[in-house]
Structure formats: C-alpha cells, structure tokens
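**Student:** Have a look; sequence and predicted model below, questions after that.
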Amino acid sequence: MSKCMKPTSKRYNYYNSMPDNFKYSRVSSHNLDSAKIIRIQKSLEMKLRWLEDMQQMEHSFSPGTSNEEEMMKAVMLSLMGNFGYSSSFLFLCENRTSDIRIIKRYGGTEEDSYQLLEILQQSLMLKERNNDIGLIQLSAVPPGDKLAGIAKNNIVLVIILPVEKMYCGIILFGERLSHEELSQGELSLVSIMASNITSAIKNYRLTTNSFRLQADIFRTRGILEQFVAPEIVEEMLNSEKHFHTKGERKLLTILSADIRGFTAISERNEPEHLVSALNRFYSIMSDIISKHSGIVDKFIGDAVLALFRLEPGNDPVRAISAALDMHKGFEELIKSDEEFRSVFESSGLGIGISTGEVIVGNFGSGRRMDYTVIGRSVNLSARLCGLARANETLVDVPSFEKSQLLFNFEELTPINVKGIEEFVQMYKVI
C-alpha cells in the first residue's frame, strides 16, 4: 500500500512546486478562450443577482404589505436590470373581464404605451392562451400575427402571467442594450422567475380571498347571533349540508318562563318604558341561561324559551339550576334598577321545565325560516309555565327523576293539561 501512495504524493508535491505561470499555461491549454471565460463569469454574476432579487422579493411579498401590481413591478424592474432591457411596460387584466389597462412603464413614451395597449387588445395570441405562462420572443412570432406589430415599437419580449385562467399581467420589454436575444439559459431563468411570481400572485389572491371570507363570516356571525343563539350559529356555519331543513329528533330539556301579570302591566305602562324594561330582562335572563350551558331559542313577548342539550342526562340539572338563578336575577333586577322596578315591582317569574324527545330544525317557508323545536315536551313546558305562580318552577316526571338527588321537590296532585290526554304528574322545586 505504501508503494502505491508514493507516486501520488510525488505528483501532488511536484504540481504544487511548479511555478504559477506554468500552472496557468496548463489551464489555458484546455481550449477556453478569454472571451468565453468572460461570458461565463458574467452569466454567473447575473444568476447571483437574479437569485438575490428573487430572495428579496419572496420576503417582501405578503398580504397586507404588497399587492399584485407591486409584485409585477418588482419582477419587471429585476428583469430589466439583470438582462439590460432599454424599456419595459406593464399591463394588467381585470379578473372578470378581458379588458387590459396600463399600469407602469420604464423608458419609452406614453404614446408607445397606448399603441401597445391597442395591439394587445386585438391580439389573438393572448386570447387563445389558456393557463400557461407565456414567454414570447417576438423574433419567433409569425409575421401575420397581430402581436408581431408590437415589434414596431422596439419590443423584443412578451411575458404573460396568468392567474385563475385569466391573464393578470402582461410585461413587454424593449430592445436589450447589447442588442442580443436571450440565450436558452437566460430564457430558463426568466421562465423560473415568471413561474415564481405567478405562484406568489395566486397565493396572495388565495390569502386575500380567505381574509375576505373570514371577514364575511365574522359579519354574518355577528348578525345571526342577534337572532339565533351562538351555538346554533356555529352549527349552521359548520354544516356541510342544508342545516336541519328536515328536522332532527333529539332528547332535550325545555325551559319556558314568563312574567306573571304581564297583560295588566302592559296596560298601565307606556310602551317605551315597557320595551326598555323588557330588554333589561332579556339581557339578564340570556346571560344566566348561557352560564348554565343553555341556548335561548326565542323571546315571545314577556316569555323566554330555552333549550338544554349539550349533556344528555345532565340537562334537567342545568335547567333547574338556571331557573333558580333566573328567579334570583329577576329579584335583583327589581332591587337595583329603578326603571325596571317601576314596571315589574309586584310581579315575578313563572317557569316550567320538561324533558323529552323533540324535533329540532328549521321550520318555515322558502322566504323565511325559523330555527326552533316542536314536540310534546315543548307544549308541556309551556303548560307548566302557565300553571306556575310567581317565583315558582314546575317540572315534569323525567326532569324530576334525573335531578331529585340534587334539589328539593314537592310532589303536586296530577292534573289534566290542555293538549295532553293523560293526567300530568308535576313537581315544584322548593
């Protein structure tokens, strides 16, 4: 092994011990003339500048800090500087039309811009392209093509940047200062840059559209939540199909509450005072129901209809807890709010709670839909609410059975309730 290594070592030492002028003379013998070396050096320098430009543009292109026009202007300037074009013109196509407008020019005249615009609008080559990035050296365009007329304005290169099957950008370049056409390597660089900028514009549009969609959803959510519970709005927005247009069977606990003696109260108070007091009542009751994971289905005059459905089995417990807090909230509102006290001082809440299977969904016509519940338990909760006195909460048997270990109840005599054939056993929460 040592005998084989010595010659290599000697050759290495021998080469490094040669005079510099002798080494360089050996390199020059490889048929590389000085002109070719200079061209290679310039090509490498241009590629480095181009890579730096691409890196800088990649960092600067982002939604909120740039737009499509700025992106294409940056590309136009980079290509113009790196490839030595005498002038450049940028045109932009609108998304929904084929109209072309002038965005920016460097060099050339305003008259040149309008002449080029007219030729572009008439060019069949632009209209026939689909979704491909276009790099057109005008020396390769057939003489009869209308795009060839651009060459009369000393334009030598056309770049078309399509986005979403529309030509979003058209960049024209005037003659190079070197009066040379792009080589195949240079065309490849231009193509890569055009591809990158097209991708950047597509990403920009996708992100911008996403931002707009999120803003629309946010506005829609805000509007809907004024009429429907936030939980229902979330379910509606996340639903991939029509939202419960046929209704769904669900086991829910229904809470109905209204203000005792409201008819007489409304007759002796001004409508403005009554509405103001009711809005305070709605606000407090909504907060209490939400605190106990309930959903306010609707307000009907002085009545509140709420649903408890998040935890089957525990819904009656949460509904009764909410009812007790609603009574307290009503009393505290009378004590703390003078206007409310002047309207509802001698009144109180009656609450009915029923648990059972109901139909949940959108009901109505094609013009107007209402998200609500229907079923025996809905009717029964309303009947129990009507039977309850001020500051009382009445519940049915299923609600009692699932919460009897946590609350105190008084069993009442079964009664015949309107709309229900059999006698109804009910319990009063005490």
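**Tutor:** Nice, thanks for sending it over.

**Student:** Quick one: the helices in this protein, in order.
**Tutor:** Along the chain, counting by DSSP state H, helices occupy 2-16, 20-28, 34-60, 68-83, 110-122, 124-128, 184-224, 230-238, 262-267, 271-291, 315-336, 338-344, 376-387, 397-401.

**Student:** and residue 369, what pLDDT?
**Tutor:** Residue 369 carries a pLDDT value of 66.

**Student:** I misspoke; the intended subject was residue 144.
**Tutor:** So, for residue 144, pLDDT stands at 67.

**Student:** got it, and residue 116?
**Tutor:** Predicted confidence (pLDDT) for residue 116: 84.

**Student:** Pull the contacting residues for it.
**Tutor:** With contact taken as Cβ atoms under 8 Å, 6 or more residues apart in numbering, residue 116 is in contact with 89, 91, 150, 153, 155, 172. Where C-beta positions appear, they are placed from N, C-alpha and C, glycine not excepted.

**Student:** how about those residues, which pair is most distant?
**Tutor:** Spanning the widest gap among the contacts of residue 116 are 91 and 153, at 13.2 Å by Cβ to Cβ.

**Student:** ok, these two, which is more surrounded?
**Tutor:** Applying other Cβ atoms under 10 Å to residue 91 and residue 153 shows that residue 91 carries more neighbours, namely 23 against 18.

**Student:** pLDDT weak spots in the stretch 101-250 of the chain?
**Tutor:** Regions of the stretch 101-250 of the chain meeting the criterion pLDDT under 70 cover residues 123-133, 140-141, 143-149, 163-168, 200-202, 204-246.

**Student:** same thing but 50
**Tutor:** 124-125, 129-130, 240, 244 (pLDDT under 50).

**Student:** residue contacts, the residue lying closest to residue 345 once chain neighbours are set aside?
**Tutor:** Among residues not flanking residue 345 along the chain, residue 334 sits closest, at 5.8 Å (Cβ to Cβ, 6 or more residues apart in numbering). Residue 334 sits next to 340-341, 344-345 when contact means Cβ under 8 Å, 6+ apart.

**Student:** Out of those, which comes closest to residue 305?
**Tutor:** Proximity to residue 305 was ranked across the contacts of residue 334 by Cβ to Cβ; first place goes to residue 344, at 19.4 Å.

**Student:** Let me know whether that closest one touches residue 259 as I believe.
**Tutor:** Yes: assessed by Cβ atoms under 8 Å, residue 344 is found in contact with residue 259 at 6.4 Å.

**Student:** list residues touching both of these two?
**Tutor:** Listed as contacting both residue 344 and residue 259 by Cβ under 8 Å, 6+ apart are 265, 281.

**Student:** So which of those two has more stuff around it?
**Tutor:** Each of residue 344 and residue 259 has its neighbours counted (other Cβ under 10 Å); residue 344 has more, 26 against 23.

**Student:** now the more buried one: how far from residue 260?
**Tutor:** From residue 344 across to residue 260, the span is 9 Å (Cβ to Cβ, to the nearest Å).

**Student:** Could you do residue 292 as well?
**Tutor:** Residue 292 is 22 Å from residue 260, where distance means Cβ to Cβ.

**Student:** So the two - more neighbours on which side?
**Tutor:** For residue 292 versus residue 260, neighbours defined as other Cβ under 10 Å are more numerous around residue 292 (21 against 18).
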